[in-house]
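In: Predicted model follows, preceded by the sequence.
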Amino acid sequence: MSRRTVLGGAAAAGTVTSAAVAAPAAAGRGRGAPRHREYVVTGAHVVSMDPEIGDLEDADVHVRNGRIVAVGRDLRVRAPKLDGSGMIAMPGLVDTHWHLWTTLYRAMSSSSPETAYFALNIANGVRCLPSDLYHGARLALIDALNTGITTVHDWSHNLRSPDHADANLRAHQEIGLRGRFSYGTPQGHPGTELVDLDDIARVQREWFDAGRLPLLHLGLAGRPPGLVGEAVFRPEYDAAQELGIPVSYHANSNRAHGDIGMIRMLAEEDMLTPDTQLIHALFTTEAERAAVRDSGASVSISPWSELLIGYGVTPVGEMEASGMLLTLSVDTMSLVGSADLWSVLRLTTGLYRGIAEQELAVGTRRILEMATIDAARSLGLGDVVGSLTPGKRADLILVRRHDVATAPVTDVSNTLALATGAENVDTVIVDGRLRKHHGELVDIDEDRVVRATERALQALLRR
């Protein structure tokens, strides 16, 4: 089919079926999760995030075998219907940096010196059993699904053994979001010792090459120059290159790290490439920002955590104006408490305008791009998700337009970026699978997960 006929809504053989389908019954991968071979989301206000398709009122999205087939009005398709009337259909949100395991002790940070974020991570981290990483990551992934996040970058920096890595990955296997799993050093790991390079290779072989996590790809949660010496950062980076996996670094996060010039050193070591992600990067020079832009590397900011930990006010406008590929994240639940990426969109918009002292400094459509298409590009998934484009995988959400918190909708982009929250997300679809519908997770026993996580935390605190 040509692009023109796809966008125009090519007629499928036969006539349009009239049956409305809420949740097709066929079971898919993972604990009875529903799987759809083919269906059409009908009558939604489509925010495609594809510049050629644009926004379409009262439009349809045709999905077959987990892939978007067509986007347009009045698609004539013989397939079950998923009613999108009264909804905004858009790509699922993409979170580009999240320490999932710390969700085990949500909102525990910052009430005393002992619970300051880094001290708390070490205190809890060194006592974590493999099952603790499983429980923390599983709860985080479910929280992500509920809020409309369909892709997540799990920056896993407490992999104390192969068993810990396997337990963390089992949570991904069970819940089934898209994204990246970045293998990191455990809490308290000496800066003079390498990450377990043999186990990274094992994880790639046993989990990713074996196809056990079809929606996930492997990365390295690295340590940059200035934080560790060349005897550590260079062999870790070289090992990632040999394995063909991307690398992510926390760099220039606070003023002291900015003075060290971690990003400058990464550039000097030829370690900035399109497969390099930088996290926070609040304190950067103009030359460093240019180096990031020219290399094709990306930056993930998390304005809530950057404020709450005391790094400073995220200079969103300055960073975005440099031309860097800029994306958004929630970072860590122990510090920020909430996985609601919608609130990060609001805060980012406010910081951009407030620092500029100009209401029109940025439009909300630009902020939406940071959390969808640009975020997907930064994780190497720009051709896979991030927009409702025929040929891409079907990761999409439906947001209710007529809720008390969203009505009346006067400007769709503004409603999404300024008014929407997790409670307004009616439907979540990941790789064509219906995971949330009518505001309820359809294949997860939330109470059971919460109780198990609470028991795991109590056991950890007793240890």
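Out: Yes, it's here.

In: what's across from the residue most central in space within the chain in the sheet?
Out: Nearest residue to the geometric centre of the chain (Cα atoms, centre = their mean): D95, 2.1 Å. D95 has the following beta-bridge partners by DSSP bridges: V152.

In: I'd assumed M319 was in contact with I355.
Out: No - in this structure, I355 is not within contact of M319 by Cβ atoms under 8 Å, at 10.6 Å. Glycine gets a C-beta too; all of them are placed from N, C-alpha and C.

In: Which one's more surrounded, the two?
Out: Between I355 and M319, M319 has the larger neighbour count (other Cβ atoms under 10 Å), namely 19 against 15.

In: Would you check how far apart D55 and I68 are?
Out: Distance, D55 to I68, by Cβ to Cβ, to the nearest Å: 16 Å.

In: Please say which of those two ends up with more neighbours.
Out: Counted by other Cβ under 10 Å, D55 and I68 do not tie: I68 has more neighbours, with 25 against 16.

In: so that one is in which element?
Out: strand 67-72 (DSSP states H and E).

In: Can you give me the buried ones in that strand?
Out: Judged by neighbour count using 16 or more other Cβ atoms under 10 Å, the buried positions of strand 67-72 are 68-72.

In: Could you dump the residues you listed into a markdown table and include distance to L100 and pLDDT?
Out: Formatted as a markdown table, the buried residues of strand 67-72 follow (distance: Cβ to Cβ, whole Å; pLDDT from 0 to 100):
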| residue | distance to L100 | pLDDT |
| --- | --- | --- |
| I68 | 27 | 98 |
| V69 | 32 | 97 |
| A70 | 35 | 97 |
| V71 | 32 | 98 |
| G72 | 37 | 97 |
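
In: Columns distance to L381 on top of the residues you listed, output as a markdown table?
Out: Converted to a markdown table, the buried residues of strand 67-72 look like this (distance: Cβ to Cβ, whole Å):
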| residue | distance to L381 |
| --- | --- |
| I68 | 14 |
| V69 | 19 |
| A70 | 21 |
| V71 | 19 |
| G72 | 24 |
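
In: From the residues you listed, pick the one nearest F118.
Out: Closest approach to F118 among those (Cβ to Cβ): I68, at 42.2 Å.

In: Just confirm the closest one contacts P390, I think it does.
Out: Yes - using Cβ under 8 Å, I68 is in contact with P390, at 5.3 Å.

In: what sits in contact with each of these two?
Out: Counting by Cβ atoms under 8 Å, 6 or more residues apart in numbering, no residue touches both I68 and P390.

In: Now do the same contact list for the nearest residue to G337 once chain neighbours are set aside.
Out: Using Cβ to Cβ, 6 or more residues apart in numbering and skipping the chain neighbours, the partner closest in space to G337 is A107 (3.9 Å). For A107, the contact set (Cβ under 8 Å, 6+ apart) comprises 333-334, 337.

In: Taking the residues you listed, please make a ChimeraX selection of just the buried ones.
Out: Buried members of the contacts of A107, defined by 16+ other Cβ under 10 Å, are picked up in ChimeraX with:
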select :333,334,337
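
In: Dump the contacts of A107 into TSV; add distance to A201 as well.
Out: As requested, the contacts of A107 are arranged in TSV below (distance: Cβ to Cβ, whole Å):
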residue	distance to A201
M333	30
S334	30
G337	36
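
In: Out of the contacts of A107, name the ones that lie in helices.
Out: Judged by DSSP state H, the contacts of A107 include 333-334 as members of helices.

In: Would you mind giving the domain segments of the chain?
Out: Domains of the chain are assigned by automatic domain parsing as 3-92+387-446, 93-378.

In: for those domains, which one ends up most surrounded?
Out: Most buried of the domains of the chain by mean neighbour count (mean count of other Cβ atoms under 10 Å) is domain 93-378; its value is a mean of 21.

In: and the end-to-end length of it?
Out: Terminal residues of domain 93-378 are spaced 13 Å apart (Cα to Cα, to the nearest Å).

In: Give me the distance from that domain to the chain's centre.
Out: 10 Å (Cα atoms, centre = their mean, to the nearest Å).

In: pLDDT score assigned to H437?
Out: On pLDDT, H437 comes in at 96.

In: Touching, L243 and V203? I think so.
Out: No - counting by Cβ under 8 Å, L243 stays clear of V203, with 9.9 Å between them.
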